[in-house]
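*Asks:* Next one to model:
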Amino acid sequence: MRADALIDQDFVTLAAMISAHAAERPDAPAIIDENRTTSYAALQEAIERVAASFRRDGLRPGKAIAMCAGSSTDYIVAMLGAISANIVVCPLTPSLTPAQLARMIEDCEAEYLFLDRACAAKFADTLPDGGLRQVFLEEEVKTGFSAWLAEAAGLEEVSILPEDPFNIIYSSGTTGAPKGIVQSHVMRWRQVRMLRAYGFETASVTLLSTPLYSNTTLAGLFPTLACGGAVVLLRKFEASDFLELSQKYGVTHAMLVPVQFRRIMDVADFDTFDLSAYVMKFAASAPFSADLKEDVLRRWPGGLVELYGATEGGGLCVLAAHEHPDKLGTVGLPYPGHDIRLIRDDDSECGPGEQGEVVGRSGAMMEGYHKDPVRTAEAEWFSEAGLRYIRMGDIGRFDADGFLTIVDRKKDMIISGGFNIYPSDVEAALIAHPAVLEAAVVGIPSDRWGETPIAFVALREGMQVSEADIATFVEERVGRTQRPTGYHFVAALPRSTIGKVLKQPLKEQAIAVGGSTS
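*Replies:* Numbers count the residues shown, from 1 in each chain. Prediction:
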């Protein structure tokens with residue numbers, strides 16, 4: 001069946017889509033990586049060789065592999081080869097500690113670990129001695145990827161059911177036990193079908209500049225390949241490099257996090273780059289300020305879509321910012337077929353105009369947390385009709401037009417003297433100061449109030465301001481109970497590899513400096 005007919009099916013594997021494109025357009029570029037371009041025919045051959053290698057080694061469908069490396073063509077090939085053989089892929093971030101990596105490998109029961117030289121050096125002393133085969137990506141050595149690949153390829157039909165696990169994404173691991181989110185083949189396929197509506201086709205060129213172990217990146221990778229487009233890899237994000245590649249390759253799509261948008265828009269000669277080929281930019285994974293959205297709409301050709309959801313799935317909200325410039329402070333409307341509701345602390349549903357915890361239901365929801373039924377149950381909410389929803393972890397409210405505004409992360413909410421303090425409200429007041437580049441507010445223990453807010457502030461380059469001046473500025477803009485009881489100036493806020501502000505290290509720093517407060 002032709003690719004354009006396959007993609008209209010209720011369920012098709014990603015492997016089948018790539019195979020169809022390879023048959024119809026063998027010389028079309030699939031992956032552009034630095035000085036290396038891989039055609040669809042070459043990609044298909046490599047995928048078959050990976051699958052054949054797993055068969056040769058006796059790795060059965062349903063088993064898992066772990067991947068811990070920077071972005072590369074071979075990373076994509078190994079991942080797609082495993083998926084085509086119905087082997088579960090577990091992408092892990094190189095920023096893990098050795099102990100965290102070992103825990104996650106044990107949790108997913110990986111039989112292979114694909115890694116690069118940097119990760120091999122970092123984790124050499126803590127990787128399991130036996131039972132875990134290591135393959136070095138892009139290393140022409142005895143245990144390197146090229147040497148590991150089977151010489152003979154060959155297409156072998158593998159039965160893949162819609163509900164079979166596609167991958168396990170670990171959402172955390174910085175404290176406590178890791179939490180593995182199991183995503184099925186049909187969940188990924190429904191994501192492809194949804195994103196296809198935003199202009200993905202055979203002529204599409206998607207620039208990927210977030211790491212391949214990020215769920216955000218995969219949400220841009222899979223639709224592009226399923227639709228027969230080309231993927232351009234930017235291994236390490238630099239705003240100027242992003243703009244140069246966009247111009248060079250006529251990039252049409254990009255999946256970015258808000259901090260990347262900010263850095264791109266701040267490039268001094270941004271307006272000199274030809275970005276006219278852009279069809280759509282996507283934003284995900286972190287709060288996206290209204291003023292930044294407005295700047296992108298004004299100066300960057302093509303549409304802008306903000307995607308609000310969770311790695312666990314559940315409901316999705318979509319803001320087509322180019323269609324709703326008066327709603328830039330929201331995360332948009334529930335996507336068709338997605339049911340988003342708000343609930344109170346007692347799990348009852350909120351009434352009209354009331355804010356509450358966001359829960360969502362759709363056809364794209366995780367199967368559960370890997371081997372963790374307790375935390376799976378904690379992540380679920382059931383309606384009176386018995387329908388299953390996923391807790392999104394945020395506090396939100398709907399406006400009269402049905403657009404959702406996120407008030408704050410539920411876990412970040414500070415309860416001080418019985419009052420709920422949403423850090424985002426205080427952070428907005430801080431960022432309004434002309435000298436402040438970015439800010440974060442966390443709660444620390446207080447003997448008198450239970451918790452008290454502490455602010456961390458990063459100033460714009462060349463700017464100076466006193467703590468007293470900042471405090472006075474903020475106190476004029478927030479309520480009495482919202483006022484931070486301490487300020488810390490930092491060079492920059494700690495962020496994850498995809499740009500999310502990491503508040504736990506800030507909280508630990510504030511407690512270490514001042515302990516609990518009175």
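
*Asks:* Run through the bridge partners of the closest residue to Ile511 other than its chain neighbours.
*Replies:* Nearest non-adjacent residue to Ile511, counting by Cβ to Cβ, 6 or more residues apart in numbering: Ile444, 5.2 Å away. All C-beta spots, glycine's among them, are computed from the backbone N, C-alpha and C. Beta-bridge pairing for Ile444 (DSSP bridges): Thr452.

*Asks:* What helices and strands are in contact with the helix or strand hosting Val442?
*Replies:* Val442 belongs to strand 436-446 when elements are defined using DSSP states H and E. Applying 3 or more Cβ pairs under 8 Å, 6 or more residues apart in numbering; DSSP states H and E, one finds that strand 436-446 contacts strand 414-416, helix 423-431, strand 450-459, helix 503-514.

*Asks:* Please repeat the previous calculation with a cut-off of 6 Å.
*Replies:* Packed against strand 436-446 by the contact rule (3 or more Cβ pairs under 6 Å, 6 or more residues apart in numbering; DSSP states H and E) you find helix 423-431, strand 450-459, helix 503-514.

*Asks:* Mark out where each domain of the protein begins and ends.
*Replies:* Here the domain parsing of the chain from automatic domain parsing is 3-236, 309-409, 413-514.

*Asks:* Determine how far the last residue of the first one lies from the first.
*Replies:* Distance between the boundary residues of domain 3-236 (Cα to Cα, to the nearest Å) amounts to 32 Å.

*Asks:* what does the second one give?
*Replies:* Distance across domain 309-409, first residue to last, is 13 Å (Cα to Cα).

*Asks:* Show the contacting residues for the residue positioned nearest the centre of the chain.
*Replies:* Nearest residue to the geometric centre of the chain (Cα atoms, centre = their mean): Thr216, 3.1 Å. By Cβ atoms under 6 Å, 6 or more residues apart in numbering, the contact set of Thr216 is Thr210, Met255, Ala284, Ser285, Ile498.

*Asks:* between those, which is nearest Gly363?
*Replies:* Top of the list for closeness to Gly363, among the contacts of Thr216 and by Cβ to Cβ, is Ala284 at 19.0 Å.

*Asks:* Against Leu207, how distant is that closest one?
*Replies:* 15 Å (Cβ to Cβ, to the nearest Å).

*Asks:* Would you mind telling me which of the two has more residues around it?
*Replies:* Relative neighbour count places Leu207 above the other of Ala284 and Leu207, with 25 against 22, counting by other Cβ atoms under 10 Å.

*Asks:* The more buried one: what's it in contact with?
*Replies:* Val232, Leu245, Ser246, Val251, Ala254 are the contacts of Leu207 under Cβ under 6 Å, 6+ apart.

*Asks:* where does the stretch 51-200 of the chain dip in pLDDT?
*Replies:* 128-130, 139-143, 152-155, 172-177 (pLDDT under 70).

*Asks:* let's go with 80 and repeat that
*Replies:* 125-131, 138-143, 152-157, 171-178 (pLDDT under 80).

*Asks:* how far away is Phe282 from Met255?
*Replies:* From Phe282 to Met255 the distance is 5 Å (Cβ to Cβ).

*Asks:* which of those two has more neighbours?
*Replies:* A direct count of neighbours by other Cβ under 10 Å for Phe282 and Met255 places Met255 higher, at 28 against 22.
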